[in-house]
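Student: Sequence and predicted structure below; questions after.
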Amino acid sequence: MPLNVPNLLTWARILMIPIFVGVFYSPWDWPPAADRNHWATVIFIAAAVTDAFDGWLARKLGQTSAFGAFLDPVADKLMVAAALAILIQLGRVDAVIAIIIIGREIAISALREWMAKIGAAKSIAVSFIGKLKTTAQLIALPMLLYHDRLGPLEPQTLGTWLIYLAAFLTLWSMAYYLRKAWPEISARVR
């Protein structure tokens with residue numbers, strides 16, 4: 001595992017997950033209950049920023065690695081899954097939405113791994129619809145975590161609409177990737 005700045009940022013994102021979860025489940029009174037939404041939102045946004053920055057930095061510095069390419073999406077999926085689990089517990093996201101999003105991530109990760117093993121990984125490279133899905137999630141989740149009103153803006157309402165949009169885009173992108181992989185799947189299932 002090459003130790004470089006992009007990989008360290010990815011590891012930092014993974015280390016943020018227990019801190020993020022601890023904000024809501026800490027046995028101490030830190031942060032105070034009134035501030036938990038704010039701290040969780042700040043940590044989640046920091047993780048999202050490091051996600052955007054580590055990939056860019058790896059390409060810019062020529063420090064891309066197979067390990068980094070593996071670890072980066074794992075860190076993303078773990079943070080999103082942790083946020084969804086907490087939001088279900090808080091009653092801010094429906095469990096069906098979380099199952100759709102997490103289930104798709106598991107299924108597409110498995111599909112990508114299998115396609116890589118058979119030498120066809122390029123046929124299911126990240127698509128525009130997948131990027132739209134990620135964008136909708138990364139806007140919806142902080143709004144749902146923040147939850148409190150911001151002047152005339154109700155983050156919970158807007159976040160709920162966006163997480164439903166993200167779930168729709170999740171299903172659409174999964175169908176897209178399965179369609180792209182179908183020739184390889186059908187050739188090997190016979």
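Tutor: Okay, I see it. Residues are numbered from 1 along each chain as shown.
Student: Only the buried residues of the strand or helix carrying Thr134, if you could.
Tutor: When elements are assigned from DSSP states H and E, Thr134 belongs to helix 128-146. For helix 128-146, burial by neighbour count (16 or more other Cβ atoms under 10 Å) applies to 129-130, 133-134, 136-146. Glycine gets a C-beta too; all of them are placed from N, C-alpha and C.
Student: by how many degrees do the next helix or strand after it and helix 128-146 diverge?
Tutor: On the C-terminal side of helix 128-146, the nearest following helix or strand under DSSP H and E is helix 155-189. With axes from the mean of the first three to the mean of the last three Cα atoms, to 10 degrees defining the directions, helix 155-189 sits at 140 degrees from helix 128-146.
Student: Give the other helices and strands that helix 155-189 contacts.
Tutor: If you count contacts as 3 or more Cβ pairs under 8 Å, 6 or more residues apart in numbering; DSSP states H and E, helix 155-189 packs onto helix 95-117, helix 128-146.
Student: So which of those helices is nearest Phe20?
Tutor: Among the helices and strands packed on helix 155-189, the nearest to Phe20 by Cβ to Cβ is helix 128-146 (9.1 Å).
Student: For the closest one, name the packing helices and strands.
Tutor: Identification of packing neighbours for helix 128-146 by 3+ Cβ pairs under 8 Å, 6+ apart yields helix 36-61, helix 66-89, helix 155-189.
Student: what's next to whichever strand or helix holds Ile17, contact-wise?
Tutor: Element membership of Ile17 [criterion: DSSP H and E] is helix 5-25. Helix 5-25 is contacted from outside by 1, 31, 36, 39-40, 43-44, 46-47, 50-51, 53-55, 57-58, 61, 63-65, 67-68, 71-72, 74-76, 78-79, 82-83, 86, 89-90, using Cβ atoms under 8 Å, 6 or more residues apart in numbering.
Student: Give the rounded mean pLDDT of that helix.
Tutor: The average pLDDT for helix 5-25 rounds to 93.
Student: Taking helix 128-146 as reference, get the angle to it.
Tutor: Using the same axes, to 10 degrees: helix 5-25 against helix 128-146 is 40 degrees.
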